[in-house]
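*Asks:* Predicted model follows, preceded by the sequence.
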Amino acid sequence: METVTRDRYARSREMLARAAQSLTGGVSSPFRAKAPVPLFFADGHGSRLRDVDGNEYIDYALAWGPLILGHKHPELVAAMERQAARPHNYGAQHALEMEVSERVQRMVPCAERVAFTSSGSEAVAAVWRLARAFTGRHRILRFEGHYHGWHDAELISYRPPTDRMGPADAPCPTLDSRGQVPNSVDNAVVAPWNDIEALERIFAKYGREIAAVVTEPVLCNSGCLMPDSAFLSALDRIPREHGALLIFDEVITGFRMSTGGAQQHFGITPDLASFGKAIAGGVTLSAFAGRKEIMEGMLSGVAYGGTFNGNPIAMGAAQATLDVLAADDGVALKHANRMGELLQSGIAAAARELEIPLRITGFGAAFSLHFTPLESLRNYRDTLADDKDRLNRFLCAALDEGLYLLPDGRIYVSAVHTEQDVDATVAAVRRGLASSRPSSSNP
Ligand SMILES: Cc1ncc(COP(=O)(O)O)c(C=O)c1O
């Protein structure tokens, strides 16, 4: 008898074909064009997602991070319902705006002043402009493999081509997009991450031109790599010795790593920081914050704007999300991080038993899987040894097993993932790891 294999993603394929006739490429961000097919979703609840073919998933993508309270959290839904019946945008001041900025001020160590934008890319742009205005310098020192948004000035050396990236200890700044203004690189200096000597060398050479050093405090966009504590201390010291500022791009770590972000977790207070994603639990909002005298540059000629800044819908969502996160001494995020740590130890044990060379890097609520021969990963170039084919095979197997992960092997955990989710996930990962072995080692 002939075996008929059902295509689990048939309806998504059909919808993609139709969408591509109007929506360019059929997706709203090319980052989402993932194998085996970009899925179309019908619903989600808590930690679970359902696609248009009726497949159910445990969601570890969380909309690329924002859904720190999962899908349809009751307090977020109630806040949205309240706001839906009220004016959606005043383009002017209202009480919620002030209440949310006060809340951010209480939660985030560097937040003497706060401002809102819609996207993280805008928040980053505003922060860098403030830093340049404050110091009167133009260069931003940034690190290879870090992502700070897609604007011309921001998208430098995120995924540098290997034939043009230059030596490991002195990377060449590279453009990441066709059509990018070529001289964007002139305002950048690129350094390898977790390398104190390189940082010192670059400051010795360009010290008086550098307005600020910007870092993802955990390198989430290139495999969730952790900073060495000595490197963090050097970041806290060297820029200041040269009259430059320290900026944390906390678009991912903010309201995820701890209620006060990575800066609270590591005990290092930057001069400025950008936030996004989790701040409003999945509703469009980003923010930036920092020292009063720098932030108030916008009162004396540093341009910043945005039609949707501080709109009541986003502010209502942020208030509900931050209220949940701040309650009971931050128990929600402690839970998310604990679930992530349990997952990591379960996945590591499964890989060990199956004798699969898998490294897990990151912190509880954001971590990555690396199929790599390396014992430790400290910067972007270390991730180039990852076996990407094997990761892709694993991701496709995991999807078939009902796990929705990001295409780079990153796993986000929310405050509503449960121990049952963890157990089911570890069992599914074990099956996924076994079935994605290279065929020579598959019985
Ligand atoms: C660290 C970091 N900075 C900035 C951004 C840009 O944020 P957005 O996509 O909201 O523009 C991102 C997005 O993923 C990010 O991860």
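*Replies:* That came in fine, so what should we check first? Numbering: from 1, shown residues only.
*Asks:* so what's the residue in the stretch 151-300 of the chain that the ligand sits nearest to up against?
*Replies:* Residue nearest to the ligand within the stretch 151-300 of the chain (CB to the nearest ligand atom): Val251, separated by 3.4 Å. For glycine as for every other residue, the C-beta is placed from the backbone atoms N, C-alpha and C. By CB atoms under 8 Å, 6 or more residues apart in numbering, Val251 lies in contact with 65, 120, 123-124, 216, 274-277, 286.
*Asks:* same thing with Gly149?
*Replies:* 119-122, 124-125, 155.
*Asks:* Of these, which fall within the contact range of the ligand?
*Replies:* Contacts with the ligand within those, counted by CB under 6 Å from any ligand atom: 119-121, 124.
*Asks:* Closest to Gly46 out of these?
*Replies:* Gly120 (25.0 Å; CB to CB).
*Asks:* Do I have it right that the closest one meets Ala280?
*Replies:* No - Gly120 is beyond contact range of Ala280, at 11.8 Å (criterion: CB atoms under 8 Å).
*Asks:* And the residue of the stretch 51-200 of the chain closest to the ligand?
*Replies:* For the stretch 51-200 of the chain, CB to the nearest ligand atom, closest residue to the ligand: Gly120, 2.3 Å.
*Asks:* Could you pull up phi and psi at the closest residue to that residue other than its chain neighbours?
*Replies:* Closest residue to Gly120 apart from its sequence neighbours, by CB to CB, 6 or more residues apart in numbering: Gly276 at 3.3 Å. Per-residue torsions, Gly276: phi -170, psi -150 (degrees, to the nearest 10).
*Asks:* pLDDT at Gly276, what is it?
*Replies:* Per-residue pLDDT puts Gly276 at 98.
*Asks:* Show me which residues of the stretch 151-300 of the chain sit near the ligand.
*Replies:* Counting by CB under 6 Å from any ligand atom, the stretch 151-300 of the chain sits next to the ligand at 216, 221, 249, 251-252, 276, 286.
*Asks:* picking up where we left off before, okay, and which of the contacts of Val251 map to strands?
*Replies:* Assignment to strands by DSSP state E places the following of these there: 274-275, 286.
*Asks:* Any chance of those in a markdown table with distance to Ala427 and neighbour count as columns?
*Replies:* A markdown table is the format used below for those (distance: CB to CB, whole Å; neighbours: other CB atoms under 10 Å):
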| residue | distance to Ala427 | neighbour count |
| --- | --- | --- |
| Ser274 | 38 | 29 |
| Phe275 | 35 | 30 |
| Ser286 | 37 | 27 |
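*Asks:* what's the following helix or strand after the longest helix along the chain?
*Replies:* Looking across the chain with DSSP state H, the single longest helix is helix 312-353. Using DSSP states H and E, the helix or strand that follows helix 312-353 towards the C-terminus is strand 358-363.
*Asks:* That following strand and the ligand in contact?
*Replies:* No - using CB under 6 Å from any ligand atom, strand 358-363 never reaches the ligand; the gap is at least 13.5 Å.
*Asks:* Need the contact partners of that strand.
*Replies:* By CB under 8 Å, 6+ apart, the residues outside strand 358-363 that reach it are 218, 220, 223-226, 257, 265, 337, 340, 344, 347-348, 351, 367-372, 374-377, 410, 433.
*Asks:* which secondary structure elements does the next helix or strand along the chain from it contact?
*Replies:* Later in the chain than strand 358-363, the nearest helix or strand by DSSP H and E is strand 366-371. Under the contact criterion of 3 or more CB pairs under 8 Å, 6 or more residues apart in numbering; DSSP states H and E, strand 366-371 touches helix 312-353, strand 358-363, helix 388-400, strand 410-412.
*Asks:* Can you show me the CA trace of strand 366-371 as CSV?
*Replies:* Only the C-alpha atoms of strand 366-371 are listed here, as CSV (Å, rounded to 0.1, in the frame of the first residue of the first chain):
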residue,chain,number,x,y,z
ALA,A,366,17.5,33.7,26.7
PHE,A,367,19.9,31.1,25.5
SER,A,368,21.2,29.5,22.4
LEU,A,369,22.2,26.0,21.1
HIS,A,370,25.5,25.6,19.3
PHE,A,371,26.5,22.4,17.5
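*Asks:* just the helices in the stretch 51-200 of the chain please.
*Replies:* Using DSSP state H, counting those that start in this stretch, the helices assigned to the stretch 51-200 of the chain run over residues 74-84, 95-107, 120-135, 196-206.
*Asks:* Pick the most deeply packed of the ones you listed.
*Replies:* helix 120-135 (a mean of 24; mean count of other CB atoms under 10 Å).
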